[in-house]
Every structure is written in structure tokens, then in C-alpha cells.
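Student: I would like the atomic coordinates for the input below:
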Amino acid sequence: MPEIASRVAVFIDGSNLFFKLRSLEFNLLNLTKFDYRGLSKWLANDRLIVYCGYYVGAVRAKENDEKGQRLRQQQQKLFAHLASPEQDFMIKRGYLMENEGKYHEKGVDVQLAVDLLIHAYENLCDVAILVSSDTDLIPAIQKVKHLGKKVEYIGFSHQPSYGLKRYASSSKFITKEELEPFSWKQS
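Tutor: Residues are numbered from 1 along each chain as shown. Prediction:
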């Protein structure tokens with residue numbers, strides 16, 4: 001009897017990916033050309049992708065806030081790129097909260113954790129590929145594994161999360177060189 005292909009769901013923590021790429025000195029002005037679908041296919045390694053989600057805090061800006069308006073416009077371009085037919089990502093938005101001049105995402109990790117659990121409980125996937133280094137997700141990872149699903153943690157070789165590595169079913173630490181083919185989407 002032939003082996004049934006694993007169904008894969010890809011969960012990308014957008015802010016986490018953004019800052020990891022920034023620390024690798026990627027050209028951040030061009031992340032709207034990053035091939036997120038290509039990266040997902042590479043990570044899925046010929047398995048069937050049933051879901052791709054991108055989780056991020058949405059930028060809100062007051063009318064007189066030029067920098068905020070510019071950031072919001074850049075994020076809107078990114079969202080349009082992610083939602084395009086060739087990328088085909090679900091965009092899950094939290095929000096950004098300002099506190100003493102610093103911005104913090106709210107609702108993003110919870111939304112990602114809930115979606116991980118929904119995919120496991122409703123048997124929507126066999127494998128969850130998690131591109132994040134946020135250890136707040138460990139309880140969700142544990143429950144997903146308890147439900148008989150696999151969680152593949154995708155980290156970054158220069159800043160891995162050993163906490164996520166410990167709890168995931170498997171781990172892969174990607175390098176800048178491995179990401180470069182996806183940094184300029186081929187048209």
C-alpha cells in the first residue's frame with residue numbers, strides 16, 4: 001500500500017521573520033518581493049501544503065504621523081504581496097500597542113497558537129511547520145504533539161531557540177545562504 005503524503009500547514013511569525021532577516025542584513029525595503037511561498041515549498045520538501053499563514057501586528061498610524069503612515073503603507077504592500085495568487089497566504093493580524101515610545105505586538109502569538117491547535121484538533125494537517133523563535137508557543141506545541149501531529153521548528157542558525165528545538169518534533173536551522181534564493185522573487 002502506498003504511503004499517504006503528509007499534509008503540511010506553514011505558520012510564519014511575521015515580526016520574528018522580519019527581525020531575523022534584518023539581523024542577517026537582508027534588504028528589508030524589498031521584503032515585498034520575498035518569495036514566502038517558495039520558502040514554504042522548500043520547507044515542506046515535496047509534501048502537500050494545505051495552509052500558509054502569516055501572523056503579524058498591523059501598523060496603525062495617526063493622520064499626522066508621517067513615519068507611521070509610511071510604515072503602514074509598506075505593510076499594506078506586504079499584505080497585498082502575501083495575499084496575491086502566487087503567494088496565497090492567509091494574513092492573520094494582531095495589533096501594535098505603543099508604550100513609552102516602544103511598540104509591542106498584541107494578539108499575534110495567541111492567534112498563531114490557536115490556529116496551531118485548530119489545525120491539530122480538526123485534523124486539518126499532519127505536520128505544522130513553525131517559523132518562529134517565540135517560546136510562548138511551547139504549550140501549544142506540546143498539545144499539538146499530544147494530539148499525534150508533528151511540529152517542525154524552523155529557526156535561524158545565527159539565533160536559534162533551543163527551547164523550541166527541545167519541544168518540537170524536529171528542527172531545522174536555516175542560514176542566510178539558504179534564504180537567498182527566496183529574497184528576490186523571480187518574475
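
Student: Sheet-wise, list the partners of the worst-scoring helix or strand of the chain on mean pLDDT with their directions.
Tutor: The weakest-scoring helix or strand in the chain, judged by mean pLDDT, DSSP states H and E, is strand 102-106 (a mean of 79). Strand 102-106 has its sheet partners listed here by DSSP bridges as strand 90-99 (antiparallel).

Student: returning to that earlier point: mind listing what's buried along the helix or strand that comes right after the least confident helix or strand of the chain?
Tutor: Per DSSP states H and E, strand 102-106 leads on to helix 108-121 as the next helix or strand towards the C-terminus. Within helix 108-121, the residues that count as buried by 16 or more other C-beta atoms under 10 Å are 108-109, 112-113, 115-117, 119-120. Bear in mind the C-beta positions are built from the backbone N, C-alpha and C, glycine included.

Student: could you give the angle of helix 108-121 to strand 90-99?
Tutor: With axes from the mean of the first three to the mean of the last three C-alpha atoms, to 10 degrees applied, the angle from helix 108-121 to strand 90-99 works out at 150 degrees.

Student: Can you give the distance of helix 108-121 from its chain's centre?
Tutor: 12 Å (C-alpha atoms, centre = their mean, to the nearest Å).

Student: tell me what that helix is packed against?
Tutor: strand 7-13, strand 48-58, strand 90-99, strand 127-131, helix 138-146 (3 or more C-beta pairs under 8 Å, 6 or more residues apart in numbering; DSSP states H and E).

Student: pLDDT of the shortest one, averaged?
Tutor: I take that to be strand 127-131. Mean pLDDT, strand 127-131: 98.

Student: and what of the third one?
Tutor: Taken as a whole, strand 90-99 carries a mean pLDDT of 86.

Student: and if you look at the first one?
Tutor: Across strand 7-13, the average pLDDT comes to 97.

Student: Can you classify residue 153 by secondary structure?
Tutor: strand (DSSP: H, G, I helix; E, B strand; the rest coil).

Student: Number of residues surrounding it?
Tutor: 25 (other C-beta atoms under 10 Å).

Student: what's the answer for residue 169, then?
Tutor: For residue 169, the neighbour count with other C-beta under 10 Å is 14.

Student: burial measure for the residue nearest to it when sequence neighbours are not counted, as a count.
Tutor: Distance criterion C-beta to C-beta, 6 or more residues apart in numbering; nearest residue to residue 169, sequence neighbours excluded, is residue 150 at 4.0 Å. Around residue 150 sit 17 other residues, with neighbours defined as other C-beta under 10 Å.

Student: Alright, calling it a day.
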